[in-house]
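**Student:** pasting the structure only:
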């Protein structure tokens, strides 16, 4: 391969990686009545008008390096299945776009697949190119972590936090929710470890400390476990050094020190909950999981389409929804029907005679595997799981850092949904992992 062709191949991957880093960091700070214009709209625009074109451009330039095998087939099968569902629903807008506050419908998932294909095509053309871009995403992870760290220290507020109707939470930084920030940092932590191990020095060590601190500061159990899972993969594949381990513990220690020495930090970090509650409370997931399992049983093949969770809840009894959703006991409830595209709503009458609104506002299962099966049918859930599993297996010996990233993401998705705010980064890493050629040589 000539020097000029090398340059031609590097540019599309670098462009796509920069667009993905932009997705993680971009916000639109301002005064709004809700957080979508601040956090969701900029991500949506970046996804559709920067990431999609750069993915298609990368695929076009590397089309001669057409990959083959199970990875390509799985990606195309998933895309075909989603398009088939769209046709069967007569191009339902709610399936195409997804919930208005998430916009993660079929269109977004097709873009995810295009991002994975771009990573697969470009890395197939030259497997070394992917490693040259790890540091782009590592730098983005450090920048995002600085927001979470600053919020834990009380140096930075959350845009839209005090506005009515907002859902942004502390330590969410540029992602608007600490759970999303935690998931993004858990996904990217292995890349920061890879950089510190392979490019040892002050800046790479400082970056690893900041990312670890940022992940710890989000105080999100699912993200913590996901980050630990990724680190365990690197330990199993012998990618951890003593210095790296020391940096990880330093980041955690700094987060704990901030919570201990700053009186208000625990309140901010736990959003008003006690440490015991943050470890034991399932945060209202019972009604989500039970509803998902019921819905999957009723429509296992094709799923329920857009707003699947609310559609299932609309058919469940009031008593079950209220009990599982955490409504106060010993109250009289009157259900208000606003249709399946609105959250299940009740007027509760307390023993004192007071009346309160009660909403089951979450419109997506906080378990992506269940959500895939509920929305798109069990075949889609199986294909998605196979893609993740094959990517982890395929990169295990040649690029264990990619396996670690995907394991962290897979674990995170057990208790959190996939969101456009950083999901394309995971699919990009999946594409790089799918392009690996299994062997006995471990990445250095």
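**Tutor:** Thanks, I have the structure now. It should be emphasised that the depicted structure is a prediction, and the values quoted were computed from it without experimental measurement.

**Student:** Is residue 345 bridged to anything, and to what?
**Tutor:** residue 336, residue 359 (DSSP bridges).

**Student:** which residues touch it?
**Tutor:** 335-336, 338, 357-360 (Cβ atoms under 8 Å, 6 or more residues apart in numbering). For glycine as for every other residue, the C-beta is placed from the backbone atoms N, C-alpha and C.

**Student:** quick one: it and residue 209, what's the gap?
**Tutor:** 46 Å (Cβ to Cβ, to the nearest Å).

**Student:** all helices for the stretch 51-200 of the chain, in order.
**Tutor:** 52-61, 70-88, 93-97, 106-125, 134-152, 178-198 (DSSP state H, counting those that start in this stretch).

**Student:** Highest average neighbour count across those helices: which stretch is it?
**Tutor:** helix 178-198 (a mean of 27; mean count of other Cβ atoms under 10 Å).

**Student:** residue ranges of the strands in the stretch 151-300 of the chain, please?
**Tutor:** For the stretch 151-300 of the chain, no strands are identified by DSSP state E, counting those that start in this stretch.

**Student:** Low-confidence stretches in it?
**Tutor:** Within the stretch 151-300 of the chain, the segments meeting pLDDT under 70 span 159-171, 263-281.

**Student:** Nearest spatial neighbour of residue 67, chain-adjacent residues omitted?
**Tutor:** residue 124 (4.3 Å; Cβ to Cβ, 6 or more residues apart in numbering).

**Student:** do residue 200 as well
**Tutor:** Closest to residue 200 by Cβ to Cβ, 6+ apart is residue 243, at 6.9 Å.

**Student:** Give me the distance between the two termini of stretch 28-47.
**Tutor:** Length of stretch 28-47, first residue to last, Cα to Cα, to the nearest Å: 15 Å.

**Student:** which residues in the stretch 201-350 of the chain form helices?
**Tutor:** With DSSP H, counting those that start in this stretch as the criterion, the stretch 201-350 of the chain has helices spanning 202-217, 221-236, 242-261, 265-270, 275-280, 285-298, 308-314, 318-325.

**Student:** tell me which residues of the first one are tucked away?
**Tutor:** By that I understand helix 202-217. 204-205, 207-217 (16 or more other Cβ atoms under 10 Å).

**Student:** Now do it against helix 221-236, angle only.
**Tutor:** Interaxial angle of helix 202-217 relative to helix 221-236 (axes from the mean of the first three to the mean of the last three Cα atoms, to 10 degrees): 140 degrees.

**Student:** same question, the longest one
**Tutor:** Relative orientation of helix 242-261 with respect to helix 221-236: 160 degrees, computed using the same axes, to 10 degrees.

**Student:** Can you list the buried residues in helix 242-261?
**Tutor:** Buried positions in helix 242-261, judged by neighbour count with 16+ other Cβ under 10 Å: 244, 247-248, 250-252, 254-255, 258-259.

**Student:** what does the second one give?
**Tutor:** Within helix 221-236, the residues that count as buried by 16+ other Cβ under 10 Å are 221-227, 229-231, 233-234.

**Student:** Residues contacting that helix, please?
**Tutor:** With Cβ under 8 Å, 6+ apart as the criterion, helix 221-236 contacts 179, 181-183, 185-187, 189-190, 193, 215-216, 240, 248, 278-279, 400-401, 403-405, 407-409, 411-412, 414-416.

**Student:** low pLDDT regions in the stretch 1-150 of the chain?
**Tutor:** In the stretch 1-150 of the chain, residues with pLDDT under 70: 1-12, 127-130.

**Student:** again, only this time at 80
**Tutor:** 1-13, 30-31, 33, 65-68, 126-132 (pLDDT under 80).

**Student:** measure the spatially closest residue to residue 334 that is not a sequence neighbour to residue 120 for me?
**Tutor:** The shortest distance from residue 334 to any non-neighbouring residue, by Cβ to Cβ, 6+ apart, is to residue 347 (4.6 Å). Using Cβ to Cβ, residue 347 is found at 52 Å from residue 120.

**Student:** Ok, residue 53 next?
**Tutor:** For residue 53, the distance to residue 120 - Cβ to Cβ - is 18 Å.

**Student:** ok, now residue 109?
**Tutor:** Note on residue 109: its distance to residue 120, by Cβ to Cβ, is 16 Å.

**Student:** Now render the helices of the stretch 51-200 of the chain as TSV, adding distance to residue 45.
**Tutor:** Listed next are these as TSV, based on distance: least, Cβ to Cβ, whole Å:
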stretch	distance to residue 45
helix 52-61	11
helix 70-88	22
helix 93-97	14
helix 106-125	12
helix 134-152	18
helix 178-198	17
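
**Student:** so which of these gets nearest residue 430?
**Tutor:** helix 106-125 (5.1 Å; Cβ to Cβ).

**Student:** how distant is that closest one from the center of its chain?
**Tutor:** Computed by Cα atoms, centre = their mean, to the nearest Å, the chain-centroid distance of helix 106-125 equals 16 Å.

**Student:** and it, what does it pack onto?
**Tutor:** Helices and strands touching helix 106-125, by 3 or more Cβ pairs under 8 Å, 6 or more residues apart in numbering; DSSP states H and E, are helix 3-25, helix 52-61, helix 70-88, helix 93-97, helix 423-434.

**Student:** Tell me which of the ones you listed sits nearest to residue 383.
**Tutor:** The nearest among those, by Cβ to Cβ, is helix 70-88 at 4.4 Å.

**Student:** What helices and strands are in contact with that closest one?
**Tutor:** Secondary elements touching helix 70-88 (3+ Cβ pairs under 8 Å, 6+ apart): helix 93-97, helix 106-125, helix 368-376, helix 378-395.
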